[in-house]
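Novice: using only what follows, build the 3D model:
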Amino acid sequence: MVSEINPILYQNELNKFPQIQSDYEGVKKRVDKENTLSSIFDICPIFRRIERVPDKIEAEDYIPAAGLLSLAVLNAPEDWRDMKSAYRQIKSGSKKEKFIPSYDYKTAQHPFSFFRGTLLHNFVNPETSPCPKFAKWLLKNDTTLMETKLGDSISKLYNINTESVDTKIENINSTKEKPSHVIAKEFITKSPFGELTARAMTRTTKIGAAVLGGLETAHLAKEISDGENAIKATAKSAVNFVSSVAGIGYGGALGAKYFGPVGSLVGMGVGAIAGNKVSDLID
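Specialist: Just a heads-up that it's a prediction; the model follows:
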């Protein structure tokens, strides 16, 4: 039988070996910092957006911290709606009721928007904006990565054809007098990975990617100014940006396809965790 270890005697013995204690404390700090509790909450989009803000502030990386916090505030209404939609799906399942989504998510994916449903929704709507010309310009550029030359290349590479699918999701410029709804896309291809890639890119907005890229560039500038090797720092930032965007895009696309709103939230959370792990591994 193994006797119980007395923590006081154990600490007293440990104090006799300062190097061992130093190593122990270092490992303990890393374990505490990398505990999985925060990962569990990554399925909550609001938490996921602000998760790294305290670390950024502690490292005096103020521009990315402010940017991440601003994105969290901006997207709070839409994130809350996504969570309520997931809750309704879970509630319907628990009551053995049929959950009716806004469109058939198993066959199609609706394009994400950087502004739709956020605090800037009315500002970007030309019908309600105080700056209608600027609003039209923002609305014109509020597109996804699938609507870029990269998206065209992916379509050609995997020979992807598309079909339109109606949804119940209102467009930004929808009004009571002139209602309009988002059109989802069904990606038809023989390649499952090609279809998943198209879905992931349809969930990633150009403006969102540009904003995250800008925040990562600000972080890179600080790293270099603090004495970090420029090549190494640039490589780390590039990996961090790509892994984060790809992880959330692919994870959310995969989850949404098979499990709807719940799968979308969980998938983005798992994708964010995977992206962070890849970034940490490379680091």
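
Novice: point to the residue nearest the middle of the chain.
Specialist: residue 248 (4.5 Å; C-alpha atoms, centre = their mean).

Novice: thought that one was touching residue 274?
Specialist: No. Applying C-beta atoms under 8 Å as the test, residue 248 and residue 274 come out as separate, 9.3 Å apart. C-beta here means a position set from N, CA and C on the backbone, and glycine is covered the same way.

Novice: confidence score at the residue nearest to the centre of the chain?
Specialist: Residue-level confidence at residue 248 comes out at 94, pLDDT.

Novice: if I look at residue 125, how far off is residue 193?
Specialist: 36 Å (C-beta to C-beta, to the nearest Å).

Novice: so what does residue 258 have for phi and psi?
Specialist: With angles defined as degrees, to the nearest 10, residue 258 sits at phi -100, psi -20.

Novice: name the SS class of the closest residue to it other than its chain neighbours, please.
Specialist: Computed as C-beta to C-beta, 6 or more residues apart in numbering, the closest residue to residue 258 that is not its neighbour in sequence is residue 106, at 7.3 Å. Put simply, residue 106 is coil when judged by DSSP: H, G, I helix; E, B strand; the rest coil.

Novice: residue 106 contacts residue 256, correct?
Specialist: No. At 9.2 Å, residue 106 and residue 256 do not qualify as touching, with contact defined as C-beta under 8 Å.

Novice: ok, back up a step: check the gap between the residue nearest to the centre of the chain and residue 132 for me.
Specialist: In terms of C-beta to C-beta, residue 248 sits 32 Å off from residue 132.

Novice: equivalent analysis for residue 230, please.
Specialist: Noted for residue 230: a distance of 44 Å to residue 132, by C-beta to C-beta.

Novice: next: residue 51.
Specialist: For residue 51, the distance to residue 132 (C-beta to C-beta) stands at 37 Å.

Novice: likewise for residue 145?
Specialist: In terms of C-beta to C-beta, residue 145 sits 27 Å off from residue 132.

Novice: compare those two (neighbour count), which wins?
Specialist: When neighbours are counted by other C-beta atoms under 10 Å, residue 145 comes out ahead of the other of residue 145 and residue 132, with 23 against 12.
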